[in-house]
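Visitor: Got a predicted structure here, sequence first:
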Protein chains: 2
Amino acid sequence: MEHKSQNCQYKLMAVRDTLEVIRGKWRIPILISLTYGNKRFGEIQRDITDISPKMLSQELKELEANKIITRTLYDSMPVTVEYALTPLGHSLNKLLNELLEWGIHFRNEVIGK
Amino acid sequence: MEHKSQNCQYKLMAVRDTLEVIRGKWRIPILISLTYGNKRFGEIQRDITDISPKMLSQELKELEANKIITRTLYDSMPVTVEYALTPLGHSLNKLLNELLEWGIHFRNEVIGK
DNA sequence: GTAACTACTTACCGATAGGTAACTACTATA
DNA sequence: TATAGTAGTTACCTATCGGTAAGTAGTTAC
């Protein structure tokens, strides 16, 4: 069973990379919001009503650092900033969808019962 | 765009349920380990070499409380305990696979570059 | 009797995550 | 001059997460 255990080790490494990028309470919700199109700071805040500006700002920076989103400043008046998914960010789409689908399934199976 | 924003709110609710169940550093790795078959406490520890018995015990309890795994005690000598995925646990398979696939993708795109 | 294997538990501690409230800086409008 | 809208920042605090080290309890082998 040598290769079976090595395969497990490999998987454990890969999921850790993913978890590192998406961890915490807010990053996934932010990404969900951005799948509906490019958004400004205030628009994301209005989607995720219970996020504080501190957490939103902090998590947007982390997502930008990991090349998941881009931040574009427009010097309109007043200044607006637009956040958008990168191609790497869009590549999370299937994962986001599974998080969604399983949440629905879980609610039907456990919470609903 | 009324239904578009309502759809977003619905998704945000569902992913929160999922995140609640799988959150933290260890639950996903534990589930990955159990996809290779039913395992004893010590076997999971040997898969996930850097988990402490405290965290393993704690997270196994949480997963059991959420009906994701079962705990079966055999009064062999010495006592052995077997952990196994429930059908609900197995229903996480696609999600686990996406976490894995994206981790590989991310490594190729960002870390590997 | 002592070491080793099973599966944990407990106490303690430091690091990180996240919440609250107030404040900043710039521009436009009344 | 005051208010509102843009997008944040800062200080402070608490709660949760996770790590370390040691101890528990029962059985078996030496």
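Guide: Cool, got the structure. Numbers count the residues shown, from 1 in each chain, chains lettered A, B, ... in the order given.

Visitor: Would you map the strands across chain A?
Guide: A:39-40, A:69-74, A:80-85 (DSSP state E).

Visitor: ok, and the helix or strand in chain A with the lowest average confidence?
Guide: The weakest-scoring helix or strand in chain A, judged by mean pLDDT, DSSP states H and E, is helix A:2-22 (a mean of 91).

Visitor: tally of neighbours for residue A:75?
Guide: 7 (other CB atoms under 10 Å in any protein chain shown). Any C-beta I mention is one placed from the backbone N, CA and C, and that applies to glycine too.

Visitor: what helices or strands is the least confident helix or strand of chain A leaning on?
Guide: With contacts defined as 3 or more CB pairs under 8 Å, 6 or more residues apart in numbering or on different chains; DSSP states H and E, helix A:2-22 has these neighbours: helix A:27-34, helix B:27-35, helix B:41-47, helix B:93-106.

Visitor: would you list the strands of chain A in a markdown table and tack on mean neighbour count?
Guide: Below are the strands of chain A laid out as a markdown table (neighbours: other CB atoms under 10 Å in any protein chain shown):
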| stretch | mean neighbour count |
| --- | --- |
| strand A:39-40 | 16 |
| strand A:69-74 | 13 |
| strand A:80-85 | 16 |
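
Visitor: For the residue sitting nearest the centre point of chain A, list the residues it contacts.
Guide: For chain A, the residue nearest the mean C-alpha position is residue A:28 (3.1 Å; CA atoms, centre = their mean). Residues in contact with residue A:28 (CB atoms under 8 Å, 6 or more residues apart in numbering or on different chains) are A:22, A:96, A:99, B:15, B:19.

Visitor: out of those residues, which one sits closest to residue A:61?
Guide: Of all the contacts of residue A:28, residue A:22 has the smallest distance to residue A:61: 15.0 Å, by CB to CB.
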